[in-house]
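Asker: Fold the stuff below for me.
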Amino acid sequence: MNREKYTPPRRQFIHPMSTFYDNMPVNSPKASESLSPSQLSAEEQADWVQPDWTMAQVEQNLSAWQVWPSGMPSQTEQDSGRSQVVSPQTTKRHRVQKPKRRNSRKKRVPIWLVVCSVITVFVVVLTQGNGTVGAWSADEFRAIAGPVVAAQVEAWYLNIQNKTNQLQYQLGLKHITAPSQLTSTVVKSVTPPAQATMKAMPLPSMQAFVSPALSGEGIWNVLEQAPGSYNYLPMDASAFIRPDPNYPYAIVTLLQLDTRFSRLHIVAGTQEPGGPLSAYGTGSIAKADQAGNTLLAALNGGFKYADGAYGLMTDGKVYVPPQPKAATIAITHSGKLIIGSWGVDPQLNSNNRDLVAWRQNASLLINNGVINPLTKDGAAWGGTILNSEYTWRSGLGITAQGNLVYAAGNALLPETLGKALHAAGAVMAMETDINPFWTRAFLYQRNSHGTLTISKLNTQMQGTGNEYLNADQRDFFYLTRYTPTSTATTRK
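Answerer: Below is the predicted model:
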């Protein structure tokens, strides 16, 4: 029969006697039935094994040979090629090698990757959750596991953190103190001119939600007077209030700015909000606005694109298309601010050419002086999971006079954030970003020597304020000082 070069299958049956006879000398009876080495090809001759055993030696060592468990091979398998000589040691080595379960291993890899990622995030977040490392870890985990899983893990962490704060407060280990107030730059009271036509923005004291009130709670502290001949009017003021009697350690810090003497700007970040248009901004305050004493304040922006796909447009350029009915803060050419629902408010639509910038985020917190009854409905805020968690939150509001109010605080729900903004006089309001690392506000002041000083609205806020002077990944708001001309139309 024709003999071809053959490599035995992995589980081929090898019988010691057939091996012996296949390798017997040519003059043996068994070997006469097969080809001799001289009849084989050169390659096969090199592969040929001439045994030097006797029959007695083979029979004596039969017990050392192993039989493969697959059973006897068929006649076709036996005729398909010459058997190989396999020593007992080789057979033992083959026996201990088990087939690899490649399919099942591939199925387990993604699961273990997620489990390891969750453990890593928990370890990092629990130790450095409020810092840069914690924020970076959360973003990396969101990219691996997706926004839903990441939100769930984040919710677990926030819940643990809040329960810990509650326990510390109940055990008397956590003491509630009034936050340090920013130092006022008012040197002395300025007497209004005899023919003054402008009135100061209203700064009435706020009614406390928690009794007894902390020292200075609910009282506005003027930070800076308006520029130029309007220096008899306050330009901005800060205050704090606790909006939740069940969480007396939840403190909201407020900043109110007179929009007659300030201008709001919106900046797209170098990575966020990103979106389908792949449009990315500078992430920095305009150099012209950093010069002199123009820069007044910087405030955090809204959610990432992955957490709601909310729209953004600034300087006439659309970075993310608008979403119908989403809460929107918009700026007109004259500097007027508008807060409302996109497509519901008649001024908030793509056909209004008077809009130079707008940013959307979730739903309205306050609409026409009424706190949104959907503040407890997670579906209205871009995420059903984190909506019910107590964490740092921020928001923007507009008063009846058109002034801007920024609010930020710890251990808040959308509902309690809305209550704080409402107490500050906001008649329209929306939530912006949340979580400790992304909720931040800074005030800027350049002295007579040209040195720029940066102050946090709340000392517990993260960041330095320098990030907005260079190239930040996230979008944000900033305000500049503005002096109206005598002929300009201004609010009385």
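Asker: G397 versus Y247, what's the distance?
Answerer: 21 Å (C-beta to C-beta, to the nearest Å). Using the backbone N, CA and C atoms, a C-beta is placed for each residue, glycine as well.
Asker: How about L452?
Answerer: Applying C-beta to C-beta to L452 and G397 gives a distance of 28 Å.
Asker: between these two, who's got more neighbours?
Answerer: Taking neighbours as other C-beta atoms under 10 Å, L452 and G397 compare with G397 leading, 28 against 14.
Asker: Need the per-residue pLDDT for the nearest residue to the more buried one once chain neighbours are set aside.
Answerer: Once flanking residues are discounted, G397 sits nearest to A426: 2.7 Å by C-beta to C-beta, 6 or more residues apart in numbering. As predicted, A426 sits at a pLDDT of 98.
Asker: hang on, isn't A426 packed against L364?
Answerer: No. With contact defined as C-beta atoms under 8 Å, A426 does not count as touching L364 (10.8 Å).
Asker: related to what we said a few turns ago, ramachandran coordinates for the residue nearest to G397?
Answerer: phi -70, psi 130 (degrees, to the nearest 10).
Asker: Give the bridge partners for it, please.
Answerer: T399 (DSSP bridges).
Asker: Next up, the contacts around it.
Answerer: I366, G397, I398, T399, V405 (C-beta atoms under 8 Å, 6 or more residues apart in numbering).
Asker: residue boundaries of the strands in the stretch 301-450 of the chain?
Answerer: Secondary structure of the stretch 301-450 of the chain (DSSP state E, counting those that start in this stretch): strands at 312-314, 317-320, 327-332, 337-341, 355-360, 364-367, 370-371, 391-399, 404-412, 426-434, 441-446.
Asker: Next, the buried residues of the second one.
Answerer: Put plainly, it is strand 317-320. By neighbour count on 16 or more other C-beta atoms under 10 Å, the buried set for strand 317-320 is Y319, V320.
Asker: Now do it, average pLDDT.
Answerer: Per-residue scores along strand 317-320 average to 96.
Asker: same for that strand, what does it pack against?
Answerer: strand 312-314 (3 or more C-beta pairs under 8 Å, 6 or more residues apart in numbering; DSSP states H and E).
Asker: Give me the sheet partners of the strand it packs on and which way each runs.
Answerer: In its sheet, and by DSSP bridges, strand 312-314 pairs with strand 317-320 (antiparallel), strand 355-360 (antiparallel).
Asker: which other residues reach the shortest one?
Answerer: Defining contact as C-beta under 8 Å, 6+ apart, one finds that strand 317-320 is touched by 268, 273-277, 279-281, 305, 309-313.
Asker: can you do 10 Å?
Answerer: Strand 317-320 has contacts (C-beta atoms under 10 Å, 6 or more residues apart in numbering) with 266, 268-269, 272-281, 305, 309-313, 350, 357-360, 475.
Asker: hmm, which of those are the buried ones?
Answerer: Counted by 16+ other C-beta under 10 Å, the contacts of strand 317-320 give 266, 268-269, 272-275, 280-281, 305, 309-313, 357-360, 475 as buried.
Asker: rewinding a little: closest one to L171 among the strands of the stretch 301-450 of the chain?
Answerer: strand 404-412 (16.8 Å; C-beta to C-beta).
Asker: tilt between that closest one and strand 327-332?
Answerer: 160 degrees (axes from the mean of the first three to the mean of the last three C-alpha atoms, to 10 degrees).
Asker: Give me the residue ranges of this protein where confidence is low.
Answerer: For the chain, residues meeting the criterion pLDDT under 70 lie at 1-152, 154-155, 186-189, 377-388, 486-492.
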